[in-house]
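Participant: using only what follows, build the 3D model:
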Amino acid sequence: MPATALWAAPRSRSTAFFRSMLQYGDITALHEPFCNVADFGETDVAGRTVHSAGELIDAIKELARDRTVFFKDTTDHRYPEVLGDQEFLAGTRHTFLLRRPEEIAASFYALQPDMERADVGIEGLYEVYLAVLAAGGPPPVVVDSDDLVERPAATMAAYCEAVGIGFRPEALHWDASKRDEWQRTDRWHVAVSNSTGFSKSRSTYRHTVENNEELAAFAAHHRPFYEFLHDARIRVQETAATA
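Facilitator: This next block holds a predicted model:
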């Protein structure tokens, strides 16, 4: 079975998504391995330390030969090795998690006020999406994070069906805890560490696109890429089985 990738815009509830996938105990799940290589020069892959994106791609391919592998990463970084590896693009099940750029900009800025336009990440998400299409692999799957928190059971059921994983309703809930996987970046994951499931609650921020011209410009740049991907999203329908 090919590895499943979740490419996510930052601050798009992707770590909550990852936390849910951990509830599928027979999955080897990797948390932001490409981002770790970019930021820290290394990452752990099932007990093996790798030091480059190329080495990481090889490690993921090797793992996926005999187990179910899921990894999630964020596109505030650009990963040329991924974009240039046609075999990896075509041979991996690529999925995408989306959030409104205005919300991402405010949330990211609250943690990193010196952010740059690319940090919103949706243009990067769009670039990976087009690369996957061009490589001719399985059709990409796009999830709207609004659906994820508004109708988590139906959304995760639809996602699991699309990627060939048996949906487990019990995976919608977990014990609040920190995880070793995100120890280096713990301050970005406070909310999910304290969570026990997908939450509809929305944070409020001092700086938003309404009162900060730079954030408004950042969000406006990413808006066309968001709209393109949003149009390609899974249309989630509530059902009696998942509601």
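Participant: pull the helix or strand with minimum mean pLDDT from the protein.
Facilitator: For the chain, the helix or strand with the lowest mean confidence is helix 190-193, at a mean of 68 (criterion: mean pLDDT, DSSP states H and E).
Participant: after it, which helix or strand is next?
Facilitator: Stepping forward along the backbone from helix 190-193, the first helix or strand reached (DSSP states H and E) is helix 213-231.
Participant: got a list of contacts for that next one?
Facilitator: Contacts made with helix 213-231 from outside it, assessed by CB atoms under 8 Å, 6 or more residues apart in numbering, are listed as 96, 98, 100-102, 104-106, 109, 115, 117, 119-123, 125-126, 129, 142, 144, 207-210. C-beta here means a position set from N, CA and C on the backbone, and glycine is covered the same way.
Participant: can you list the buried residues in stretch 124-137?
Facilitator: Judged by neighbour count (16 or more other CB atoms under 10 Å), stretch 124-137 contains these buried residues: Gly124, Leu125, Tyr126, Glu127, Val128, Tyr129, Ala131, Val132, Ala135, Gly137.
Participant: typo on my end, it should be stretch 60-78
Facilitator: Those buried within stretch 60-78 under the rule 16+ other CB under 10 Å are 60-61, 63-64, 68-77.
Participant: greatest separation within these: which pair is it?
Facilitator: Using CB to CB, the pair of the buried residues of stretch 60-78 lying farthest apart is Thr68 and Asp76, separated by 26.9 Å.
Participant: Phe96: what secondary structure?
Facilitator: Three-state secondary structure (criterion: DSSP: H, G, I helix; E, B strand; the rest coil) places Phe96 in strand.
Participant: against Leu172, how distant is it?
Facilitator: Taking CB to CB, to the nearest Å as the criterion, Phe96 is separated from Leu172 by 20 Å.
Participant: of these two, who's got more company?
Facilitator: Summary of the neighbour comparison: Phe96 and Leu172, criterion other CB atoms under 10 Å, with Phe96 having more neighbours (25 against 18).
Participant: and the more buried one, bridged to which residues?
Facilitator: Trp7, Val142 (DSSP bridges).
Participant: show the pLDDT at it.
Facilitator: With respect to pLDDT, Phe96 scores 98.
Participant: okay, how far is it across stretch 185-200, tip to tip?
Facilitator: One end of stretch 185-200 to the other measures 23 Å (CA to CA, to the nearest Å).
Participant: leaving out sequence neighbours, find the closest residue to Thr196.
Facilitator: Ala176 (5.4 Å; CB to CB, 6 or more residues apart in numbering).
Participant: correction: the previous question concerned Val45.
Facilitator: Distances taken as CB to CB, 6+ apart place Ala59 nearest to Val45, at 4.3 Å, with adjacent residues excluded.
Participant: ok, now Gly91?
Facilitator: The shortest distance from Gly91 to any non-neighbouring residue, by CB to CB, 6+ apart, is to Pro2 (5.5 Å).
Participant: sketch out the low-pLDDT regions of the protein for me.
Facilitator: Residues of the chain that meet the criterion pLDDT under 70 lie in 186-190, 192-193, 201, 238-243.
Participant: now the helices: where do they sit in it?
Facilitator: Shown for the chain, the helices assigned by DSSP state H span residues 14-22, 33-40, 53-63, 80-84, 86-91, 101-111, 122-135, 145-150, 152-163, 190-193, 213-231.
Participant: how much space between Arg19 and Ser177?
Facilitator: From Arg19 over to Ser177 the distance is 9 Å, taken as CB to CB.
Participant: oh sorry, the question was meant for His51
Facilitator: Between His51 and Ser177 the distance, using CB to CB, works out to 29 Å.
Participant: again, but for Gly166
Facilitator: From Gly166 across to Ser177, the span is 25 Å (CB to CB).
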